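S.K.: Predicted coordinates and the sequence they were generated for:
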Amino acid sequence: MWNIRLYGHFLRVAILGKAQYKADFFVGIISVLILNAVNLSLIGILVYNFNTLGNWNIWDLLFLYSFWMLSRGIYGVFFWHLSDLEEMIVGGTLDAYLIRPVSPFLQFIGKDISYTGVGDFLVGVLGFILAAAQIGIHWNMGQWAYFVICVLSGALIQVAINLIGASLCFWTTRSNAAMNIAERFTVLMQQYPVNIFGKYFQIFVTCFLPVAFINYYPSVVLLGKAAGGIKMWQYFAPFVAIIMLAIAAVVWTKGIKRYTGTGN
Amino acid sequence: MRASRGISIHTGMAFLRNEFYNMSIYRVSFWINLFYTFLMMYSVGYVWRALYAANPNVSGVPLPQMISYAVLGVALEAILHPRNGPQIYIMEQVRKGTIEMDIMKPIDFQFYMFAKNMGSIAVRFLFLVLPSLIVAFFLFSLKLLDLSALFGFLCSLVFSIIVSFFLNFILGLLSMITMNIRNINWGYNALLRFFSGQMVPLWIFPSALGVISDFLPFRCIYAIPMSIYIGNYAGMDMLRELGVQFTWIFVLGLLSRLLMKRVFARVMIQGG
């Protein structure tokens, strides 16, 4: 309980720090909106001409994209600075966290907050409303609950992947290159339905780097897109999130125990 | 290029070599970029396959050509690397306050930046794009060119590199005035992505957007060389498009020289 209150306090400090740069805030949000508009328009032009992409029409694809944006927004606001870990280890600023009587992890995730995630989340909400209206979804309470749980699991899967990536730098000192590719890979995968990329690819993003559980499988389930009926394991996004978080927690704990600082 | 020509080219080669050594230091990021470039080619190829599976006749271009077009778009982006071109180098030098060192070198500043840029382009082409292109070539059985198209394509590629350089250079000059071009650079790249035909060919754009892209220089960077490659522009069409590129080079070249003079005058006054 004390930890949660402390985290809230850290976040308040971070928000106050950000509030000093108001112009930056608006420019940041607007850039995110433009980037998403460009991405969506390009996909829109493609699908407008060809009607469907692997059995997904334009509104299904908007649904898929918005699903990802919702989870990415939540992840982004609270965890965008995971990639700062490399700089903190190289620069030695992480050492300050180790001598305070609070968990270093709590201090690290509470150190910053990011507004680009707000832009992503807004795009997600707008896109979802539009897509839901066009597709005409009629969900019962259970489906709505599943939707909310899956958005949260998607955010947690992204947290876990990036935390594992960032923690690599306890061993290698450099990790941003690896995080960068994981990020670019995720961005690429989330815009298109995974089934168009072939079987081996689908196995890779399901079992090894489970980014397909961020938005693809939940969308398959909620829109009823599975060709031969929905299989049990396609519901598993929340479990995948829990497993990934457990792995991430182990990696972080091992890493920070091993950490001795980059100085002598 | 006020210095005598022989010296300029010689010096240019030295900068090119220097850039090669600079880029060959970072091995890990090299492997990651190579993997990413190939992954992009693989995925755009599959996206087009999936689109054509539903509607093979929409775009008016057969699938193998469309895949060549898309793969080439990825290759060109990896070669030109427009997000992190000379404009970012200039901005960082301005912010560190070391840009005078570059300006005062006894070589034309624009030529210096061009030589540096060519160095990184050559390195990226040889080590990043060529290996992934070869794999993609066999994976998608891409098509090779006949001789006249090849000649046109190479001309167009050189023009594309120059247009891209001039636009980036102008952005770099802006950074000498505004100090920060991160957001401008960002917006520029969003426009470039949209209107250049790199991801989505311009001929399937709604007509109003297509007209806008006709009046912008961005399609000189991607759409023209890529369309020449797949044979969409041949004969007179090809010459006309090369002419469009050449006109933009002339306009942007003139603009960048004028702007450079004015910006330098300002920087000199401020620097005292």
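M.R.: Nice, thanks for sending it over. Numbers count the residues shown, from 1 in each chain, chains lettered A, B, ... in the order given.
S.K.: Quick one: residues contacting A:Leu126.
M.R.: By Cβ atoms under 8 Å, 6 or more residues apart in numbering or on different chains, the contact set of A:Leu126 is A:Ser66. Any C-beta I mention is one placed from the backbone N, CA and C, and that applies to glycine too.
S.K.: Tell me the spacing between it and A:Gly73.
M.R.: Separation of A:Leu126 from A:Gly73 (Cβ to Cβ, to the nearest Å) stands at 11 Å.
S.K.: Quick check: residues of the stretch 1-150 of chain B near chain A?
M.R.: With Cβ under 8 Å from any Cβ of the partner chain as the criterion, the stretch 1-150 of chain B comes near chain A at residues B:28-29, B:32, B:35-36, B:39-40, B:42-43, B:46-47, B:49-55, B:58-59.
S.K.: try it again with 6 Å
M.R.: Contact residues, the stretch 1-150 of chain B versus chain A (Cβ under 6 Å from any Cβ of the partner chain): B:28-29, B:32, B:36, B:43, B:46, B:50-51, B:54-55, B:58.
S.K.: Show me which of these are buried.
M.R.: The neighbour-count criterion (16 or more other Cβ atoms under 10 Å in any protein chain shown) marks B:29, B:32, B:36, B:43, B:46, B:50-51 among the residues of the stretch 1-150 of chain B next to chain A as buried.
S.K.: need the contact list for whichever residue of the stretch 151-264 of chain A sits closest to chain B.
M.R.: Closest residue of the stretch 151-264 of chain A to chain B, Cβ to the nearest Cβ: A:Ile196 (3.8 Å). A:Ile196 makes contacts with A:54, B:46, B:50, as judged by Cβ atoms under 6 Å, 6 or more residues apart in numbering or on different chains.
S.K.: Of the residues you listed, which belong to helices?
M.R.: In this view, those that belong to helices under DSSP state H are B:46, B:50.
S.K.: From the contacts of A:Ile196, which one has the minimum pLDDT?
M.R.: In this model, the minimum pLDDT among those belongs to A:Gly54 (83).
S.K.: Tell me which helix or strand the residue lying closest to B:Leu72 once chain neighbours are set aside sits in.
M.R.: In this structure, B:Leu72 finds its nearest non-sequential neighbour in B:Met226, 5.0 Å apart by Cβ to Cβ, 6 or more residues apart in numbering or on different chains. Taking DSSP states H and E as the definition, one finds B:Met226 inside helix B:223-229.
S.K.: Mind listing residues that contact that helix?
M.R.: Against helix B:223-229 from outside (Cβ under 6 Å, 6+ apart): B:69, B:72-73, B:152-153, B:156-157, B:160, B:197, B:202, B:233, B:238, B:241, B:245.
S.K.: how about it as PDB, C-alpha atoms only?
M.R.: Provided in PDB are the C-alpha atoms of helix B:223-229 (Å, rounded to 0.1, in the frame of the first residue of the first chain):
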ATOM      1  CA  ALA B 223       8.000   7.300 -56.900                       C
ATOM      2  CA  ILE B 224      10.000   8.300 -60.000                       C
ATOM      3  CA  PRO B 225      13.000   6.000 -59.700                       C
ATOM      4  CA  MET B 226      10.700   3.200 -58.500                       C
ATOM      5  CA  SER B 227       8.200   3.600 -61.300                       C
ATOM      6  CA  ILE B 228      11.000   3.600 -63.900                       C
ATOM      7  CA  TYR B 229      12.400   0.400 -62.400                       C
END
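S.K.: For the very next helix or strand once past that helix, which residues meet the burial criterion?
M.R.: Going down the chain from helix B:223-229, the next helix or strand is helix B:236-271, by DSSP H and E. For helix B:236-271, burial by neighbour count (16+ other Cβ under 10 Å) applies to B:238, B:241-242, B:244-245, B:248-249, B:252-253, B:256, B:259-260, B:263, B:267.
S.K.: Settle this for me: A:Val194 is touching A:Tyr216, isn't it.
M.R.: Yes - counting by Cβ atoms under 6 Å, A:Val194 touches A:Tyr216, with 4.7 Å between them.
S.K.: Those two: which is more packed in?
M.R.: More crowded of A:Val194 and A:Tyr216, by other Cβ atoms under 10 Å in any protein chain shown: A:Tyr216, with 26 against 21.
S.K.: Quick check, pLDDT for the more buried one.
M.R.: In this prediction A:Tyr216 is given a pLDDT of 93.
S.K.: try B:Ile25
M.R.: The predicted local confidence for B:Ile25 is 69.
S.K.: Next: A:Ile45.
M.R.: 92.
S.K.: With B:Met268 instead?
M.R.: pLDDT at B:Met268 comes out at 69.
S.K.: Can you give me the buried ones in the strand or helix carrying B:Ile212?
M.R.: Using DSSP H and E, B:Ile212 sits within helix B:207-214. Of all the residues in helix B:207-214, those buried under the rule 16+ other Cβ under 10 Å are B:Ser213.
S.K.: Please save the CA atoms from that helix in PDB.
M.R.: The C-alpha atoms that make up helix B:207-214 are tabulated as PDB, following Å, rounded to 0.1, in the frame of the first residue of the first chain:
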ATOM      1  CA  SER B 207      -7.200  12.000 -57.600                       C
ATOM      2  CA  ALA B 208      -7.100  15.200 -55.400                       C
ATOM      3  CA  LEU B 209      -4.200  13.800 -53.300                       C
ATOM      4  CA  GLY B 210      -2.500  12.600 -56.500                       C
ATOM      5  CA  VAL B 211      -2.600  16.200 -57.900                       C
ATOM      6  CA  ILE B 212      -1.000  17.600 -54.700                       C
ATOM      7  CA  SER B 213       1.800  15.100 -54.900                       C
ATOM      8  CA  ASP B 214       2.400  16.100 -58.500                       C
END
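S.K.: Give me the mean pLDDT for it.
M.R.: Taken as a whole, helix B:207-214 has an average pLDDT of 91.
S.K.: For it, which outside residues touch it?
M.R.: B:195, B:202, B:219.
S.K.: Can you tell me which of those residues has the most neighbours?
M.R.: B:Arg219 (27 neighbours).
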